[in-house]
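K.L.:
Need a 3D model of the sequence below.
(2 chains)
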Number of protein chains: 2
Amino acid sequence: MLFLNLKSLQKNIFKEGSKGAFLVMREFEKNIRKVKPYVPGEQPRQKAIKLNTNENPYPPAPGVARALKDMDAESFRLYPDPEASALVEELAGYYHVRPEQVFVGVGSDDVLAMCFLTFFNSKKPILFPDITYSFYEVWAELYRIPYERPALDAEFHLVKEDYYRENGGVIFPNPNAPTALYEELGVVEDIVAHNQDSIVIVDEAYIDFAGRSALELIDKYDNLIVVQTFSKARSMAGMRIGYAIGGPVLIRYLNDAKYSFNSYTMNQASLLCGVEAVKDKEYFEEGIRKIIETREWAKRELKELGFHFTASQANFLFVSHPAYDARELFEALREEGIYVRYWGGRRISQYMRITVGTREEMEALFSFLRGYIMER
Amino acid sequence: MLFLNLKSLQKNIFKEGSKGAFLVMREFEKNIRKVKPYVPGEQPRQKAIKLNTNENPYPPAPGVARALKDMDAESFRLYPDPEASALVEELAGYYHVRPEQVFVGVGSDDVLAMCFLTFFNSKKPILFPDITYSFYEVWAELYRIPYERPALDAEFHLVKEDYYRENGGVIFPNPNAPTALYEELGVVEDIVAHNQDSIVIVDEAYIDFAGRSALELIDKYDNLIVVQTFSKARSMAGMRIGYAIGGPVLIRYLNDAKYSFNSYTMNQASLLCGVEAVKDKEYFEEGIRKIIETREWAKRELKELGFHFTASQANFLFVSHPAYDARELFEALREEGIYVRYWGGRRISQYMRITVGTREEMEALFSFLRGYIMER
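P.N.:
Numbers count the residues shown, from 1 in each chain, chains lettered A, B, ... in the order given. Modelled structure (predicted):
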């Protein structure tokens, strides 16, 4: 790998004399871990309709604003509780598990990365679907974990038999991203049950918009970890809170690794606001209901416009149009200040992912799409 | 490694029949990364004098409280700026560097752990002192980085010649912890200059209470990374903000690794409060002045009581008494609700670390120590 390093270059000229100038790599560069970083969805700064990062269109529970107003900046001089006890206990109560079954981190990305580091240390490949959350591949590369990616079927569903082979671990999201498809709990249990010698991580970032959670299986299988987040249904992406629930043995290993990495990951504001977000069950369920209602209405609108789309059970839609190129449409939307997500790549080059926003945001989207389709 | 797993045990009994019951390790356990976690200083919940984790006794800058009051909980539904631009730019302005020379993370522990992961990938050992911040060894173990630990001299100072040997990287704090000793910039530069083929990380968590920073050398050496924190002089331990400053090439690699790990590490509250903490230079300098004044007064008190201590240039004191056992004294203080830090271990078994608190907190400490010493 070459890059311009003028100082090294000059040093080299000085040392090499008549050998002349050429680009050199500094010795220390050989020992740098070079990774191709994940590219997050854009965060447009101007006024825009933002349907590109699966954020919640509604504010967090009212208790969060109150916690913020009551917060004492003076207390920031002190380290936060390294065990995040208040939040762990609130989550344990909510999900009817014991506190020693709950691990919290700086968003589910932090939790998942810690899971990769802690649990996936086999020489056998870990398994995750060919089309899925792009971070899995990034973490596997970062930690040099071998991996294989069984293909989803033609309708983008998991093929459970593909996960019966020998492996160093299994991870998949349910519902999957960006396909938005939910697998019934029976499929999930089948994969967990066939992999008693591996740890199986079910990444349930979108489960609240879908069906039964693998949390029901936690006490039955000691090789299962379920990861969830505050960024979607709890409307707290900006505060970075995620958690894993599993058997106490696995959670203890996860905590050991986390304490080794950074004892105090959750700051005081996250802890205080997080607790309030969990407390308000009614607000939480009402928010989910509204998003599902908008999603189902949006499906009918998409159908009318001739779009194909998966049977989304998430807070986003995975859509394709037989007559219009997805990248062109993505760019036309962007011109209009309507941000959705487009990746390209094998099998999904004609798909866009559209976050379910408010009814008003979705109406603006459809109004543009209607015009785009009529004009051609 | 054995541990009690009742379910596995039962399964085993069932399978093995007459072979009888014995403890088994589940297959997946072999692939778990097992680490001995760092143990942070206690966070006592009851009313106590807390001089054990080097927190600042004064509140953060008044702007932080204002930022908190102005914060809009509604915006928490959105992901934070993954580039943390506002904070990066504020820091770049303050330290007269370019934004592409600044990396921010969730406390300096997060920044340092990212540095270990990114920069220390050689088969040669990295070097750090025998007595130093205990996390360095934890990260090296976590990432399986080989390391050697040259001994500090009899007065706990760095022996710069020990860092001339071949290595895979160098890291040391300045001032060092828990010794509190500052090395003059000439010593630091000598080590950086002798290691042009390695990356040298100077961990300056306590530099604001000491002397000249290695930041002066950033543009001269492209193998240097300086790490600082908001947890000490900026009084923001509770909000978890740390940063690294270095050449743009190294900072880019660090950001690539960070984006691979977790794109959105700094939450909205940290970003908004962090900016305000940097803005108020006058408050910052006044806080440092007060802590140094208390530290120097405390040194005179310690001397009167017959304590030995290093020439601290940090916000803590590293003390020993020729007539009293350090662990006993530590425990007597703890009984009294005065928390200081004691580790034990080679070379420092007779030392305690005492954070410089307010004048009032230190007076309570000395009042107890005076009694303790008179009684015996």
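K.L.:
which residues of chain A fall in strands?
P.N.:
A:49-50, A:102-105, A:126-127, A:147-148, A:170-173, A:200-203, A:224-229, A:242-246, A:308-309, A:316-320, A:338-339, A:352-355 (DSSP state E).
K.L.:
just so I know, which of these lies nearest residue B:255?
P.N.:
Smallest distance to residue B:255 across the strands of chain A (Cβ to Cβ): 20.1 Å, for strand A:102-105. Using the backbone N, CA and C atoms, a C-beta is placed for each residue, glycine as well.
K.L.:
Summarise which helices and strands that closest one is packed against.
P.N.:
If contacts are counted by 3 or more Cβ pairs under 8 Å, 6 or more residues apart in numbering or on different chains; DSSP states H and E, strand A:102-105 sits against helix A:85-95, helix A:107-119, strand A:242-246, helix A:248-261.
K.L.:
Between the strands of chain A, which shows the greatest average number of neighbours?
P.N.:
Compared across the strands of chain A, strand A:200-203 shows the largest average neighbour count, a mean of 28 (mean count of other Cβ atoms under 10 Å in any protein chain shown).
K.L.:
and that one with chain B, contact?
P.N.:
No. Using Cβ under 8 Å from any Cβ of the partner chain, strand A:200-203 never reaches chain B; the gap is at least 9.2 Å.
K.L.:
List the contacts of the longest helix seen in chain A.
P.N.:
For chain A, the helix with the greatest residue count under DSSP state H is helix A:281-304. Under the criterion Cβ atoms under 8 Å, 6 or more residues apart in numbering or on different chains, residues A:56-58, A:61-62, A:94, A:208-209, A:233-235, A:277, A:309, A:312, A:315, A:317, A:319, A:354, A:356-359, A:362, A:366 lie in contact with helix A:281-304.
K.L.:
now do stretch A:182-195
P.N.:
So stretch A:182-195 is in contact with A:157-158, A:160, A:163-164, A:167, A:170, A:172, A:174-176, A:200, A:202, A:210-214, A:216-217, A:221, A:223-224, A:313-314, going by Cβ under 8 Å, 6+ apart.
K.L.:
how about low-confidence regions in the stretch 51-200 of chain A?
P.N.:
Judged by pLDDT under 70, the stretch 51-200 of chain A has no weakly predicted residues.
K.L.:
one more time with 90
P.N.:
Residues of the stretch 51-200 of chain A meeting the criterion pLDDT under 90: A:142.
K.L.:
that older thread, would you write a ChimeraX line that selects the buried entries of the contacts of stretch A:182-195?
P.N.:
To isolate the buried ones among those in ChimeraX, judged by 16 or more other Cβ atoms under 10 Å in any protein chain shown, type:
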select /A:157,158,160,163,167,170,172,174,175,176,200,202,210,213,214,217,221,223,224,313,314
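K.L.:
Tell me which of the contacts of stretch A:182-195 fall in helices.
P.N.:
Using DSSP H, none of those sit in helices.
K.L.:
Just list the residues touching residue A:56, thanks.
P.N.:
A:232-235, A:237, A:287, A:291, A:315, B:77.
K.L.:
Could you dump those residues into TSV and include distance to residue A:349?
P.N.:
Shown next, in TSV, are the contacts of residue A:56 (distance: Cβ to Cβ, whole Å):
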residue	distance to residue A:349
A:232	26
A:233	30
A:234	33
A:235	32
A:237	28
A:287	33
A:291	28
A:315	23
B:77	31
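K.L.:
now, which of the residues you listed sits nearest residue A:110?
P.N.:
residue A:237 (13.1 Å).
K.L.:
With adjacent residues omitted, what lies nearest to that closest one?
P.N.:
Of all residues not flanking residue A:237 in the chain, residue A:231 sits nearest, at 3.9 Å (Cβ to Cβ, 6 or more residues apart in numbering or on different chains).
K.L.:
next one: residue A:373
P.N.:
Nearest non-adjacent residue to residue A:373 (Cβ to Cβ, 6+ apart): residue A:305, at 5.8 Å.
K.L.:
what about that neighbour, how many neighbours?
P.N.:
Other residues within reach of residue A:305 by the criterion other Cβ atoms under 10 Å in any protein chain shown amount to 15.
K.L.:
Now it, what are its backbone angles?
P.N.:
phi -90, psi 0 (degrees, to the nearest 10).
K.L.:
ok, now how distant is it from residue A:322?
P.N.:
To residue A:322, residue A:305 is 11 Å away according to Cβ to Cβ, to the nearest Å.
K.L.:
Then residue A:287?
P.N.:
34 Å.
K.L.:
same question, residue A:48
P.N.:
28 Å.
K.L.:
which of those two has more neighbours?
P.N.:
residue A:48 (15 against 8).
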